[in-house]
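In: fold the stuff below for me.
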Amino acid sequence: MKRKYYRYMVYCLLALAFGVAILYLKNFALSSPSGFHLKREETETSLEDSLRVIKLNKEAFDLRLTDPQKTTALGDNALRIAKNINYIKGIADSHRIIGLGLYYQNKIQSAIKNYMDALRYYEIVGDIRKQARIYNNIGNLYSTIEDTKQSMFYFTRSLYISKGLNDQELTAGLYFNMARAYEQQGSYKKAILFFDKSYEFFKRTKDEYYITMYFQNIGVVYFKQGDFKQAKSFLKVAVDRAKKLKLYKTIAGCYLTLSKIYIHDRNYQLVSQTLNEGKYYADIFKDEDVKDEFSYRQYELQNALGDYKGAINTLARLYKKDSLELNQKSSQNIGISTQHYVQQQKLQERELLIEKQKSKEATFKWIITLGILIFLLCAGAISVIYWLRKSRRKRQDLLVQSQIATLQQKALQAMMNPHFVFNVITAVQHFVNQADTKSATEMLSKFSRLARKHLDICMSSTITVEEELAYLELYLALEKIRSAGKMNYEFNVDDNLDPEEILIPSMLIQPFVENAIWHGIMPKEEGGSIKLNFELVETDLLVSIIDDGIGITNSGKNKRAGHTSHGMALITERVDLLNKLNELPIIIDKRQTGNFGTTILIRIPV
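Out: Residues are numbered from 1 along each chain as shown. Purely as a prediction, here's the structure:
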């Protein structure tokens, strides 16, 4: 009765909340009766513009690697349209695209401003996935200036979100970026490990860009480790792939590293050829930093060839760069800019919040209060119901576990019954009387080991398949000696089964084996055999107990009226209780396989 009462109370509260929501929507509609027609007309225009924003941002994103200047231009155009129609997600996407274009142009300050603006708008629309991508982008900015501590901070923050969202694409990209950070730290083994993690995903998705970047970066790692042969192999593959994809910055980067290798090898002809090709692609991409790198390689080549005058001139041109450019890319300035934009965003958000509160406070204050009250009432009712059900379930589980423990004790007693012990002692006495000390000693040894294992089983509700096999082996060996060789047995264990890892309930199989021997095989004058098969079927362990005895049907006819097997009754009751506790049940099937013979199938979830 209590359970029904609480359920009805929850239903009533939910109905009340639904009524409040309807009342609010009706009140909102009546407050602006002339607005619906205008909004309908505006929606058609807004939808068209929204699609245009999405299209421009996609075109801009696709060009970020080959023409970042055009990426920035298209992103600016998309941003203007998105702001005109107040398309918040479009504004956020446009800022992110512009930031990417500026990043690939090495305009760090402008890139960070756009990233922070994008982050603010993604927070407004609640897009957690895109926020994670922004953190990744900011991490790349710090990685560019080799501030690995800050870059790893943002990568880790992004990775935490991406794993929570199960975003495998972003996770793989983060592994790749973190590998580059480890490379900057000089942790080359970690770098290779993380590059390989990302590469497995890129291979599955056939991401040609990141596969190419993988070959380039792995080549750089091997170069830094001093393995120039491996480095050249990976870098040449990267160059070939990058040319097909028109990844000019990647080609230039590969040629930079190759030029260092050729300088080390003193192969100056290849150095000159590599520098010329690299400069060509750097000019296409319009990357001033990469051009400076090639100028420095040119200086090293001139110096190595003895052209000291040319080397000095090259070095002088290289260092005429204004120091302000270096300061703008410093980690400290990026951090200051980041904090500045964060503070600006907070101020803007506060102003916006105050404005909204002034305009809506009178209309929505009572709705918010009522909503909180309804939520608390619902939460309280649900908590009470949950607590009652949990308590009831706990009491039931304790009762079932207590019953299982009692049945386990009874089953243990049934397994090592006095008749079995008496027959073992009688068999030992017979061997002693026959002066067959070897057989007597063997039987006593096996019985001692069986008793010890029996005690071990008493201590646990579950045992491994390996322990069960060892116990059954000892038991069957003793039964074979007792029957004077009238009974034979055989074990078959599936190769795919790991006996040391799989756990099963204790005292479950032996009673069926004993039943097969004494009610199936022993009634036959010529004796018989028993076969035990252990195999994995899907996620279950299937145990087959097969004997060629008189058969379970014939055995039942031979039993006297009113006879009950206490061992089998205990097993049946115990299995029923275990099935109440576990989601997947243990299934036992008994069948006669013709005129004679019996098969017992026990299916145990593992």
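
In: for this protein, which helix or strand comes out least confident on mean pLDDT?
Out: helix 323-328 (a mean of 44; mean pLDDT, DSSP states H and E).

In: correct me if wrong, but L47 is in a strand.
Out: No. Looking at L47 with DSSP: H, G, I helix; E, B strand; the rest coil, it is helix, so not inside a strand.

In: that one - how many residues pack around it?
Out: L47 sits with 12 neighbouring residues when counted by other CB atoms under 10 Å. The way it works is simple: take the backbone N, C-alpha and C, and place the C-beta from them, glycine included.

In: also L497?
Out: Using other CB under 10 Å, L497 is surrounded by 16 other residues.

In: show me what contacts it?
Out: Going by CB atoms under 8 Å, 6 or more residues apart in numbering, L497 touches V465, F534, E535, L536, L541.

In: buried ones among the residues you listed?
Out: Neighbour-count burial (16 or more other CB atoms under 10 Å) is assigned, among the contacts of L497, to V465, F534, L541.

In: would you map the helices across the stretch 201-350 of the chain?
Out: For the stretch 201-350 of the chain, helices defined by DSSP state H, counting those that start in this stretch occupy the ranges 208-225, 228-245, 248-264, 268-285, 288-305, 308-318, 323-328, 331-415.

In: distance of the nearest residue to G485 once chain neighbours are set aside from F512?
Out: Spatial nearest neighbour of G485, excluding adjacent residues (CB to CB, 6 or more residues apart in numbering): G527 at 7.7 Å. Plainly put, G527 is 19 Å away from F512 if you go by CB to CB, to the nearest Å.

In: over to I550?
Out: According to CB to CB, I550 and F512 sit 16 Å apart.

In: take the buried ones among the contacts of L497 and lay them out in a markdown table including secondary structure and pLDDT.
Out: What follows is the buried ones among the contacts of L497, written out as a markdown table (DSSP: H, G, I helix; E, B strand; the rest coil; pLDDT from 0 to 100):
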| residue | secondary structure | pLDDT |
| --- | --- | --- |
| V465 | helix | 92 |
| F534 | strand | 95 |
| L541 | strand | 93 |
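
In: ok, now which ones touch the closest residue to Q230 other than its chain neighbours?
Out: Nearest residue to Q230, sequence neighbours excluded (CB to CB, 6+ apart): Y222, at 4.2 Å. Y222 makes contact with F228, Q230, A231, F234 under the criterion CB under 8 Å, 6+ apart.

In: also R129?
Out: R129 makes contact with I161, S162, L165, D167, L170, according to CB under 8 Å, 6+ apart.

In: cool, A231 as well?
Out: Each residue near A231 by CB under 8 Å, 6+ apart is listed here: G219, V220, Y222, F223, T257, I261.

In: at 10 Å what do you get?
Out: Listed by CB atoms under 10 Å, 6 or more residues apart in numbering, the contact set of A231 reads I218, G219, V220, V221, Y222, F223, K224, Q225, T257, L258, K260, I261.

In: likewise A92?
Out: By CB under 10 Å, 6+ apart, the neighbours of A92 are 79, 82, 117-125, 127, 130-131, 134.

In: report the buried residues of stretch 220-232.
Out: By 16+ other CB under 10 Å, the buried positions in stretch 220-232 come out as V220, V221, Y222, F223, F228, A231, K232.

In: er, stretch 446-456 I mean
Out: Buried, per 16+ other CB under 10 Å, within stretch 446-456: K446, F447, R449, L450, K453, H454.

In: for that stretch, what is the distance to the chain centroid?
Out: Here stretch 446-456 is found 44 Å from its chain centre; the criterion is CA atoms, centre = their mean, to the nearest Å.

In: for stretch 161-174, same thing?
Out: Centroid separation for stretch 161-174 versus its chain: 10 Å, with CA atoms, centre = their mean.

In: check stretch 495-502 too.
Out: That offset, for stretch 495-502, works out to 25 Å (CA atoms, centre = their mean).

In: buried residues of that stretch, list them for me.
Out: Across stretch 495-502, burial judged by 16+ other CB under 10 Å covers L497, I502.

In: and that stretch, end to end?
Out: This stretch, stretch 495-502, spans 13 Å end to end (CA to CA, to the nearest Å).

In: quick one on the thing from earlier: what subset of the contacts of A92 is buried?
Out: Among the contacts of A92, those scoring as buried are 79, 82, 117-123, 127, 130-131, 134 (criterion: 16+ other CB under 10 Å).

In: residue boundaries of the helices in the stretch 51-200 of the chain?
Out: Remark: helices assigned in the stretch 51-200 of the chain by DSSP H, counting those that start in this stretch are 68-84, 88-104, 108-125, 128-144, 148-164, 168-185, 188-205.

In: so of those helices, which one's packed in deepest?
Out: Of all these, helix 88-104 has the most neighbours on average by mean count of other CB atoms under 10 Å, namely a mean of 24.

In: got the angle between that helix and helix 268-285?
Out: Helix 88-104 and helix 268-285 meet at an angle of 150 degrees, taking axes from the mean of the first three to the mean of the last three CA atoms, to 10 degrees as the criterion.

In: spatially nearest residue to S460 (excluding sequence neighbours)?
Out: Leaving aside its sequence neighbours, S460 sits nearest to S506 (CB to CB, 6+ apart; 6.2 Å).

In: next, count neighbours for S295.
Out: 15.

In: hang on, it packs against S259?
Out: No. Using CB atoms under 10 Å, S295 is not in contact with S259, being 11.7 Å away.

In: where do the contact lists of those two overlap?
Out: Any residue near both S295 and S259 by CB under 10 Å, 6+ apart counts here, and that gives L275.

In: for T171, list the residues it contacts.
Out: Shown in contact with T171 (CB under 10 Å, 6+ apart): A132, S158, L159, I161, S162, K163, L165, K197, S198, F201.
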